[in-house]
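In: Fold the following and give me the result.
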Amino acid sequence: MATASLVMRKLKRSILPPLVVILGATGTGKSKLAIEIGKRLEGEIISADSMQVYRGLDIITNKVTAEEQAECPHHMISVVDPLVTNYTVIDFRNQALSLISCVRRRDRLPIVVGGTNYYIEALLWNVLVDTGASKGDCSGLPDTRAELEKLGGAELHRRLAEVDPDMAATLHPHNVRKIARSLQVHQETGVAHSRLLEEQRAQEGGGGLGGPLRFPHACIFWLHGNTEGLGERLDKRVDEMLSAGLIDELKEFHRRYNEQKVQENRQDYQHGIFQSIGFKEFHQYLTAGPGASEEERALLLQKGPGANVPPVFGLDVTDVSDWEKTVLTPALEVLDSLQKGEKPALEPIRVEGAERSNKRSRHECEPCARVIIGELEWAVHLKSKSHQHHLKKKRKSELAAQQHQASASPCDASPSTESPS
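Out: Now for the predicted structure:
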């Protein structure tokens with residue numbers, strides 16, 4: 001295997017892929033790989049993280065440090081005011097696509113790091129409907145998604161079923177955000193959201209969940225490792241966060257942005273940066289004094305919109321004792337092969353569901369009292385620990401009921417009082 005420095009020299013004399021994407025679960029070292037590739041190949045990093053776009057809470061959202069940002073240019077970090085609650089994936093997509101174009105015009109390599117998989121999907125595929133309508137022009141109906149969401153899931157789902165039954169059939173009644181989004185699209189365009197998405201799928205190269213690829217020759221690296229190894233790394237990261245001043249950061253952010261909302265009983269942990277993992281969990285600590293899952297991150301790999309999927313190369317980060325040899329060099333070698341039009345020595349992984357669309361069928365799980373939308377989601381649910389727990393609980397309850405019924409049955413041993421015929 002060639003060393004990273006040798007592969008780097010080869011790559012500098014070549015034409016690189018139009019886009020590199022690095023994704024994986026928390027603690028897999030996505031930022032580290034992005035920075036190292038960026039330094040060696042004159043790249044610029046675009047963060048695809050729905051929490052890191054907001055200013056503040058740098059520790060808990062695990063933003064790269066100022067020193068790391070100095071090693072390689074970074075974009076889409078701390079660009080949105082923390083009090084903004086209507087920043088959407090469409091806003092991100094529009095800004096990020098513009099950045100990608102600028103980076104490429106400078107003959108530099110755009111490196112997207114996630115983060116948030118639906119942000120990455122929005123960049124790779126044409127999967128979103130952008131109405132372009134100005135806010136506040138919705139014929140007297142609630143004119144922002146936040147206002148629609150206040151109506152509640154049941155009412156929203158009822159309204160959507162009236163104007164777009166096909167879309168309503170694919171959305172769980174509790175999925176307030178997506179239902180509100182579909183209603184908003186209908187309000188602003190006069191066309192059913194499902195029909196607009198179907199038109200996307202009908203485009204050349206489209207299929208499954210959306211339209212064609214924007215970057216057909218993009219290269220995706222998926223960093224993965226065994227659960228035990230990642231768990232130990234995450235525990236260490238939490239300790240490092242606490243040492244770096246996590247509690248003080250939360251207290252200061254609460255004082256500046258959330259304290260008044262709590263006093264007025266209008267705090268909102270469902271929008272904007274307040275959704276950040278950890279912030280709402282510290283609500284009791286922040287308001288009452290001291291005392292105080294990571295299962296589907298690779299969903300992008302399972303839900304690529306159609307068969308037109310870029311190559312996805314898996315890099316095992318379970319053992320990082322020789323990180324350059326096991327992670328960095330293989331990644332650089334893949335890029336070297338792709339730019340030459342050669343088949344990389346590292347085989348791309350098989351993407352589950354790439355050959356078939358993810359049918360948005362509805363499944364009712366009686367033991368869990370849940371409605372699951374989608375074939376892939378249903379398959380994941382059936383294998384989940386939560387489902388197995390509820391299934392075992394239901395079987396135990398049924399067995400107890402059967403035993404109780406048997407013990408309560410009347411005895412048939414009494415002699416008959418009727419005379420024989």
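In: and Lys325, how many neighbours?
Out: By the criterion of other C-beta atoms under 10 Å, Lys325 has 12 neighbours. Yep, even glycine has a C-beta here, placed from its N, CA and C like the rest.
In: would you say it is within a helix?
Out: Yes. Assessed by DSSP: H, G, I helix; E, B strand; the rest coil, Lys325 belongs to a helix.
In: and it, how far is that from Glu36?
Out: Distance from Lys325 to Glu36, counting by C-beta to C-beta, to the nearest Å: 13 Å.
In: Also His172?
Out: Using C-beta to C-beta, His172 is found at 40 Å from Glu36.
In: One more: Arg104?
Out: Distance from Arg104 to Glu36, by C-beta to C-beta: 20 Å.
In: same question, Asp91
Out: When Asp91 is compared with Glu36 (using C-beta to C-beta), they lie 30 Å apart.
In: So for these two, which residue has more residues nearby?
Out: Neighbour tally, Asp91 and Glu36, criterion other C-beta under 10 Å: the higher count belongs to Glu36, 22 against 14.
In: that's a helix at the more buried one, yeah?
Out: Yes. Counting by three-state DSSP, Glu36 is found in a helix.
In: tell me which residues in the helix ranked longest in the chain are buried?
Out: If you go by DSSP state H, the chain has its longest helix at helix 385-408. Residues of helix 385-408 classed as buried by neighbour count (16 or more other C-beta atoms under 10 Å): 387, 390.
In: do stretch 95-105 as well
Out: 95-96, 99-100, 103-104.
In: Take these and write them to CSV, including secondary structure.
Out: Listed next are these as CSV, based on three-state DSSP:
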residue, secondary structure
Gln95, helix
Ala96, helix
Leu99, helix
Ile100, helix
Val103, helix
Arg104, helix
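In: Among these, which one lies nearest to Leu19?
Out: Ile100 (6.6 Å; C-beta to C-beta).
In: so what's that closest one up against?
Out: 19, 46, 110, 112, 123 (C-beta atoms under 8 Å, 6 or more residues apart in numbering).
In: now do 6 Å
Out: Pro110 (C-beta atoms under 6 Å, 6 or more residues apart in numbering).
In: and it, what pLDDT?
Out: Looking at Ile100, its pLDDT reads 95.
In: how close does it get to Pro82?
Out: 25 Å.
In: Now Arg55. Nearest residue, chain neighbours left out?
Out: Ser78 (4.4 Å; C-beta to C-beta, 6 or more residues apart in numbering).
In: how close does the one you found get to Thr170?
Out: Taking C-beta to C-beta, one finds Ser78 at 35 Å from Thr170.
In: which element is Glu68 on?
Out: Glu68 is located in helix 66-71, with elements delineated by DSSP states H and E.
In: After that helix, which helix or strand is next?
Out: strand 74-75.
In: got a list of what Pro173 touches?
Out: 153, 157.
In: Repeat the analysis, applying 8 Å as the threshold.
Out: Pro173 neighbours (C-beta under 8 Å, 6+ apart): 153-154, 157, 179, 371.
In: Now do the helices in the stretch 301-421 of the chain.
Out: Assigned by DSSP state H, counting those that start in this stretch, the stretch 301-421 of the chain shows helices spanning 323, 329-340, 375-383, 385-408.
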